[in-house]
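S.K.: just a sequence and a predicted model for now, questions to come.
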Amino acid sequence: MQCNAKRTASSPMSLAIRKAGAKAPGKRIGASLRLPTRAFALAASLLAAGCAGMGETECRGANWYDVGYRDARFKLQNQAGVYAERCERYGVKVDAARYEEGLRQGRWDFPDRMT
């Protein structure tokens, strides 16, 4: 009778139930998720800060429609003033009309679907 009880306790079904329903001892789920989340938040903030930072080559070769479209895709507010200030150092004038056109089209193509 004992032999039969051992066989049912280690059957594949009971093992699957134990694995699915129980947390493994010593596993820290919360601690392992914090580091990637913080790293992602840091990377996202650096990316957002770097979008408005344009060097001389970016200012001179910028397609302002594409820049506005990209900003809309990343859900950024109008950055034309920031770009104008940055590119003014290099003697480049921002085509605000093309930037606005790209921003409007990008907002149309990528609406906020949070609701």
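M.R.: Received the coordinates, thanks.
S.K.: what about A97, how many residues nearby?
M.R.: The tally of other residues near A97 (other C-beta atoms under 10 Å) stands at 12. All C-beta spots, glycine's among them, are computed from the backbone N, C-alpha and C.
S.K.: so where does it fall, helix or strand?
M.R.: Element membership of A97, judged by DSSP states H and E, is helix 96-109.
S.K.: give me the nearest residue to E56, chain neighbours excluded.
M.R.: Y90 (4.5 Å; C-beta to C-beta, 6 or more residues apart in numbering).
S.K.: show me where pLDDT drops low in the chain?
M.R.: Counting by pLDDT under 70, the chain shows low-confidence ranges at 1-53, 113-115.
S.K.: one more time with 50, if that's ok
M.R.: Within the chain, the set of residues satisfying pLDDT under 50 comprises 5, 7, 114-115.
S.K.: show me where this protein has its helices.
M.R.: Remark: helices of the chain, listed N- to C-terminal, are 2-9, 12-21, 29-52, 56-60, 64-73, 80-88, 96-109; assignment by DSSP state H.
S.K.: distance of R60 from F110?
M.R.: 27 Å (C-beta to C-beta, to the nearest Å).
S.K.: what do you get for E56?
M.R.: As it turns out, when the distance is counted by C-beta to C-beta, E56 lies 29 Å from F110.
S.K.: same thing with R89?
M.R.: 30 Å.
S.K.: hmm, back to that, check contacts around the residue nearest to E56.
M.R.: E56, C59, R60 (C-beta atoms under 8 Å, 6 or more residues apart in numbering).
S.K.: of the residues you listed, closest to D95?
M.R.: Sorting the contacts of Y90 by distance to D95 puts C59 at the head of the list, at 11.4 Å, by C-beta to C-beta.
S.K.: so what's the residue count around that closest one?
M.R.: For C59, the neighbour count with other C-beta under 10 Å is 19.
S.K.: that one against V92, yeah?
M.R.: Yes: in this structure, C59 is within contact of V92 by C-beta atoms under 8 Å, at 4.2 Å.
S.K.: thanks again, I'm all set now.
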